[in-house]
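Engineer: Give me the fold of what follows.
(one chain, ligands or ions: 1)
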Amino acid sequence: MRVALIDGKAFAGMLREKIAREVADLKETHGLVPGLAVVLVGQDPASEVYVRSKGTQTRAAGMASFEHKLPETTPQTELVALIERLNADPAVHGILVQLPLPGHMDATAVIDAIAPAKDVDGFHISNVGLLGTGRTAMVPCTPVGCLMLLRDRHGSLSGLNAVVVGRSNIVGKPMAQLLLGEDCTVTVAHSRTKDLAGICRRADILIAAVGQPGMVKPDWIKPGATVIDVGINRIERDGKSRLVGDVDAAAAEVAGALTPVPGGVGPMTIACLLANTVTACRRAHGLAA
Ligand code: GUN
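Structural biologist: Residues are numbered from 1 along each chain as shown. Modelled structure (predicted):
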């Protein structure tokens with residue numbers, strides 16, 4: 001059986017086109033321009049690449065992009081003061097503070113300073129609680145992107161065994177909540193899980209979100225399963241720097257469908273961020289979202 005590669009890059013491209021049409025319609029019909037503010041503290045090179053890409057894609061969709069770059073040594077009080085100004089700014093519908101933050105900052109306190117309605121990352125405790133109780137929430141972008149790819153492939157996910165490897169607040173936990181919402185039977189596995197390989201082998205849907213290059217081996221995968229690889233790990237091989245996922249490349253010989261790295265889940269994240277910003281704008285103006 002040949003594996004089907006799930007083309008997240010193409011899917012994200014279509015999603016961005018749909019968002020751009022919706023943005024044009026909001027402008028024409030209501031005179032509204034959705035605005036996204038991205039805050040970067042320090043000069044982490046990977047974060048700088050992500051932030052630049054977010055700005056470019058926000059503008060390409062016809063939305064307003066506000067970038068705030070603060071020095072590494074910025075006191076937390078100053079960052080919180082900026083967030084409070086953005087909370088009060090009617091041109092800003094979404095606020096994203098790029099993580100990780102410098103070591104002297106308390107990321108939880110910073111995230112909790114963001115107005116929940118503008119929390120397009122879905123990291124604020126209010127949104128976490130809303131998602132956990134099955135209510136309307138801002139949902140974290142990477143898991144919602146994975147869910148879109150899964151729905152596109154399977155239609156209904158009801159009754160399928162889903163295993164999420166990784167329990168982060170950004171991916172693993174919200175992914176598990178979303179899959180529960182789709183009526184999957186969900187197992188969350190992690191570094192202390194006993195018989196990780198055996199648990200993964202029961203999965204109809206396997207989500208790898210651990211940040212360990214090639215950790216999920218082909219013999220951990222049920223033949224024909226759908227494997228979503230959230231990992232984006234930069235490694236050196238044969239003197240060259242390249243990106244690899246959390247799933248061993250040989251998984252393609254066993255899986256029924258697989259997201260490649262790069263070009264799978266990665267492009268979905270920013271597309272979903274734009275979608276969340278449009279949703280935040282619509283809700284802020286009392287429009288159905
Ligand atoms: N750093 C890595 N991924 C993310 C993300 O999804 N949101 C934010 N704010 N920072 C990140």
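Engineer: tell me the helices in the stretch 1-150 of the chain, going along the chain?
Structural biologist: 8-30, 45-60, 76-88, 107-111, 125-132, 141-154 (DSSP state H, counting those that start in this stretch).
Engineer: okay, those, which one's buried deepest?
Structural biologist: helix 141-154 (a mean of 21; mean count of other CB atoms under 10 Å). Using the backbone N, CA and C atoms, a C-beta is placed for each residue, glycine as well.
Engineer: now the helices of the stretch 1-150 of the chain as JSON lines including distance to the ligand and mean pLDDT?
Structural biologist: Putting those into JSON lines (distance: least, CB to the nearest ligand atom, whole Å; pLDDT from 0 to 100) gives the following:
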{"stretch": "helix 8-30", "distance to the ligand": "14", "mean pLDDT": "98"}
{"stretch": "helix 45-60", "distance to the ligand": "7", "mean pLDDT": "96"}
{"stretch": "helix 76-88", "distance to the ligand": "12", "mean pLDDT": "98"}
{"stretch": "helix 107-111", "distance to the ligand": "8", "mean pLDDT": "98"}
{"stretch": "helix 125-132", "distance to the ligand": "13", "mean pLDDT": "98"}
{"stretch": "helix 141-154", "distance to the ligand": "6", "mean pLDDT": "98"}
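Engineer: Point out the one among those helices that comes closest to residue 2.
Structural biologist: helix 141-154 (14.8 Å; CB to CB).
Engineer: Tell me the helix or strand right after the closest one.
Structural biologist: strand 161-165 (DSSP states H and E).
Engineer: hey, C-alpha coordinates of that following strand in PDB?
Structural biologist: The C-alpha coordinates for strand 161-165 follow below in PDB (Å, rounded to 0.1, in the frame of the first residue of the first chain):
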ATOM      1  CA  ASN A 161      -8.700   5.400  18.400                       C
ATOM      2  CA  ALA A 162      -6.500   8.500  18.600                       C
ATOM      3  CA  VAL A 163      -3.100   8.600  20.400                       C
ATOM      4  CA  VAL A 164      -1.500  12.000  21.100                       C
ATOM      5  CA  VAL A 165       2.200  11.700  21.900                       C
END
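Engineer: chain center to it, what's the gap?
Structural biologist: 17 Å (CA atoms, centre = their mean, to the nearest Å).
Engineer: Strand partners (parallel or antiparallel) of that strand?
Structural biologist: strand 185-189 (parallel), strand 205-208 (parallel) (DSSP bridges).
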